[in-house]
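Asks: Build me a model:
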Amino acid sequence: MTQVISLIILAAMAVLVLSAVVQIRALSNAAAGLIAYYVGGRRGEVTEEELSHYRTAVNGIVMVAVVALAFLLFSANLNIIHPALAGVSLIIVVLWMVVALWRSGRALAAEIARGADELAKRLEERGAGSS
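Replies: This is a model prediction of the structure:
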């Protein structure tokens, strides 16, 4: 009976968490847009590619935190249903987190490389103009 009750509680929590994730994702998209605007505002424009990179980075980082908290919320009930469920889900969550953080890192690295290239170009122009 405890397993059935845990399954019902798990289903109810899953519905609540999934509805919250939709709202959190919308907020992280908005935050990525603001970050892109303020960083791109120094140059006066934001390209679609930059916005995509910032969205990937911010969404990845935020979703890793949300999934970690959700796993902590679900793990006790998963243990009650079957101890192996918590272990298998932990492995899946950790693998997903590694991929999500890797994608976020690549997106940020692309923006850092673009910014470094622009800075190098400006420094070259200054150096060529002053000689």
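Asks: switch to C-alpha atoms for all contacts and neighbour counts from now on
Replies: Will do.
Asks: This protein: helices as residue ranges?
Replies: Along the chain, counting by DSSP state H, helices occupy 2-40, 48-81, 83-130.
Asks: Can you report how many residues lie near residue 28?
Replies: By other CA atoms under 10 Å, 21 other residues sit near residue 28.
Asks: ok, now which ones touch it?
Replies: Counting by CA atoms under 8 Å, 6 or more residues apart in numbering, residue 28 touches 55, 58-59, 62.
Asks: ok, now how distant is residue 32 from residue 59?
Replies: To residue 59, residue 32 is 8 Å away according to CA to CA, to the nearest Å.
Asks: oh, I was asking about residue 78
Replies: According to CA to CA, residue 78 and residue 59 sit 26 Å apart.
Asks: Show me which of these two is the more surrounded one.
Replies: The neighbour count for residue 78 versus residue 59, taken as other CA under 10 Å, is higher for residue 59 (23 against 20).
Asks: sorry, back to before: could I get the helices of the chain as JSON lines with mean pLDDT?
Replies: Formatted as JSON lines, the helices of the chain follow (pLDDT from 0 to 100):
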{"stretch": "helix 2-40", "mean pLDDT": "88"}
{"stretch": "helix 48-81", "mean pLDDT": "91"}
{"stretch": "helix 83-130", "mean pLDDT": "90"}
